[in-house]
Every structure is written in structure tokens, then in C-alpha cells.
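1. Can you look at this prediction? I've put the sequence above it.
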Amino acid sequence: MLAADPGASIASIAAEAGVDRRTVYRRFANREDLLAAIYEARLTAIEDAIEDARLREAPVAVALHRYVENIIAVNRTWPVDLGRMLAEDSVHTRRDAAMQEVDTFLARATDEGLLRRGLPDGWASALLPQLMHLVTRQLPELSPGQAADIVVDTLLNGLGPS
């Protein structure tokens, strides 16, 4: 609900969840506490997705697909406004650590020949999240695995003829 309307009130969130507003306030003192819990849950899901992909030890093609599939599932489960999320210092620090892990993996993928050398610094790191965001929003009918197939194929092969 907050993804669709970042200004949604606690009362409307409670109504959507099928609980009384007081129930939400028993768990969260205010709107900021609720948002912090959502951001925490999303960050934990991202960290779990990275760990599950085994970016350091799995074969790079396998790890790439698992990472993309996992992050698409996270994006669909926790579709929060990243701009607001990243405004929190503690969130920013944890997300930076997670993205460093992905950047290290993408360097490994380049070193092992899965990604082309000679691209501008950070290009793959910037492009991959955009592709995942796009497929999450534009192709919601696809399973995370099917969506990951499209993202990985686009990342590795572009849009030219096969």
C-alpha cells in the first residue's frame, strides 16, 4: 500500500490489513517506526537473497540467475520507495554493504568472462538493478524465475538478434 501511496495514513494501512488502527499503534509508535520496520524487512530480504545466491562460490552464471530471481521476488514482496528508504543513514550503510557484495560479484563475472570487459566503470552495477526494476514493474505476470531469465538474457546478450 505504501508503494502505491507513500502518504497512506496509518488508519488506511490498518483498514487494508483488516485490523484496527490501535492494533498498528500497539506495534509501532508512529508512522516512522512502521516505515523503519518495513525498510528493515526489505534489507534483511536483500541480504538473504545475496547470501542464497552464493555470489562468491557458485558458478557465475548460476549465481547471477539466482541473485536476479531472488531480488525480483524481494522487489515484489517489498515494493517500497527506495528514495525514502535510502534517506535513513542506517539503511544506507547496510544497503551499501550489500551492493558492495554485488559489485564484487560483477567484477568476478567480468574476470571470468561472463560479462564483457571494457565497459565504463560501474555500468553493469547500474544496469542490472534497472533491468530488475523494469521487469518487476512491466511483467508482473511472470514468475521470478521467468523474469530472471529475461533480465539475465538481456544483460548478457542485449537486444540484438540471437
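-> Good, I have the coordinates. Just so it is clear, the model here is predicted, and its values are computed rather than measured.

2. Stretch 107-122: how far from the chain's middle?
-> The chain centroid and the centroid of stretch 107-122 are separated by 21 Å under Cα atoms, centre = their mean, to the nearest Å.

3. now what about it, what contacts it?
-> Under the contact criterion Cβ atoms under 8 Å, 6 or more residues apart in numbering, stretch 107-122 has outside partners 55-56, 60-61, 64, 103, 106, 124, 155-156. Every C-beta, even on glycine, is put in place using the N, C-alpha and C of the backbone.

4. And for His93, the neighbour number?
-> Just so we're on the same page, residue 93 is Thr rather than His. 10 (other Cβ atoms under 10 Å).

5. do Ala53 as well
-> Ala53: 22 surrounding residues under other Cβ under 10 Å.

6. ok, it - contacts?
-> Per Cβ under 8 Å, 6+ apart, neighbours of Ala53: 63-64, 66-67, 70.

7. 6 Å instead, please
-> 63, 66-67, 70 (Cβ atoms under 6 Å, 6 or more residues apart in numbering).

8. what's the spacing between Val135 and Gly7?
-> Distance, Val135 to Gly7, by Cβ to Cβ, to the nearest Å: 27 Å.

9. Out of the helices and strands in the protein, which is least certain?
-> helix 82-85 (a mean of 67; mean pLDDT, DSSP states H and E).

10. Show me the shaky parts of this structure.
-> Applying pLDDT under 70 to the chain flags residues 81-88, 162.

11. Helices of that one, start to end?
-> Assigned by DSSP state H, the chain shows helices spanning 10-17, 21-27, 31-53, 60-77, 82-85, 89-111, 123-138, 144-157.

12. Packing partners of the first one?
-> This means helix 10-17. Judged by 3 or more Cβ pairs under 6 Å, 6 or more residues apart in numbering; DSSP states H and E, helix 10-17 is in contact with helix 21-27.
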